[in-house]
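Sequence and predicted structure, then a few things I'm wondering about:
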Amino acid sequence: MYLIGLTGGIASGKSTVARRLVEHGAVHLDADQLARRVVEPGSPCLEAIADEFGAAVVRPDGTLDRDKLGGIVFHDDAARARLNAIVHPAVRELSGRLIAKAEAEDPDAVVVYDVPLLVEAQVDHPFDLIVVTSAPRRTQVKRLVEERGLDPIQAEARVDAQVGNTERLAVADVVIDTDGSIAHTMSQTDALWARIAQERRERSA
């Protein structure tokens, strides 16, 4: 198995890169989706969140009220740290099981683990390669406004709530510049796939 950690700021093109890698044959795991799975109704993680932040963050149907929880943690670093201390270990455990499952099903699989908070959450899976998608702050804000309908102030707050590019680039083995056209991003991703294929050939030689 070849394990890629894919990370980058919000609206930095991670999904575009992940889709292209899947087209080449990679298995894709999305940490955001896993974070939703670990807080499904009745889960230990959701119970822990309700204990920490109050029963009001759980709707009458037993699902997590993300808006209420977000209102509590978004502007409160200490509260967000308490939430992360509950969710991140659960996501880490689930992702580890799914990565192991992918390897058991296909020992030659290339697995892309898409982790927006790879740096912040200190994800410690044994990655063969860490790929960072990089776009300037102004481009991220522009995309959030034009593609997701946020107003500029909301968009800037979303971008600024994450660690900066400097911290991400410090852990990168490969940087994909996503400030240009989609075609340019695809071309860089294709080159990355070719590099991975070459590394795997050298491993098996």
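Good, I have the coordinates.

tell me the contacts of the closest residue to Ser95 other than its chain neighbours?
Once flanking residues are discounted, Ser95 sits nearest to Leu34: 5.7 Å by CB to CB, 6 or more residues apart in numbering. Bear in mind the C-beta positions are built from the backbone N, C-alpha and C, glycine included. By CB atoms under 8 Å, 6 or more residues apart in numbering, the residues touching Leu34 are Val91, Leu94, Ser95, Leu98.

Please produce JSON lines containing those residues, extended by secondary structure, pLDDT and neighbour count.
Output for the contacts of Leu34, formatted as JSON lines (DSSP: H, G, I helix; E, B strand; the rest coil; pLDDT from 0 to 100; neighbours: other CB atoms under 10 Å):
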{"residue": "Val91", "secondary structure": "helix", "pLDDT": "94", "neighbour count": "24"}
{"residue": "Leu94", "secondary structure": "helix", "pLDDT": "95", "neighbour count": "17"}
{"residue": "Ser95", "secondary structure": "helix", "pLDDT": "94", "neighbour count": "21"}
{"residue": "Leu98", "secondary structure": "helix", "pLDDT": "97", "neighbour count": "16"}
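
Alpha carbons of stretch 138-149, as CSV, please.
Taking Å, rounded to 0.1, in the frame of the first residue of the first chain, the C-alpha atoms of stretch 138-149 are listed here in CSV:
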residue,chain,number,x,y,z
ARG,A,138,-7.3,36.2,-1.6
THR,A,139,-8.1,33.2,-3.9
GLN,A,140,-9.5,31.2,-1.1
VAL,A,141,-11.8,34.1,0.0
LYS,A,142,-12.8,34.6,-3.6
ARG,A,143,-13.8,31.0,-4.1
LEU,A,144,-15.8,30.9,-0.8
VAL,A,145,-17.7,34.0,-1.9
GLU,A,146,-18.3,32.9,-5.5
GLU,A,147,-18.7,29.1,-5.1
ARG,A,148,-20.2,28.7,-1.6
GLY,A,149,-22.2,31.9,-1.2
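
Would you mind checking the average pLDDT for that stretch?
For stretch 138-149, mean pLDDT is 94.

Let me know the distance separating Ala48 from Arg36.
In this view, Ala48 and Arg36 are 16 Å apart by CB to CB, to the nearest Å.

out of these two, which sits in the more crowded spot?
When neighbours are counted by other CB atoms under 10 Å, Ala48 comes out ahead of the other of Ala48 and Arg36, with 17 against 13.

any idea which helix or strand carries the closest residue to the more buried one other than its chain neighbours?
Spatial nearest neighbour of Ala48, excluding adjacent residues (CB to CB, 6+ apart): Ile86 at 4.8 Å. Of the helices and strands defined by DSSP states H and E, Ile86 is found in helix 77-105.

That concludes my questions; thank you for your assistance.
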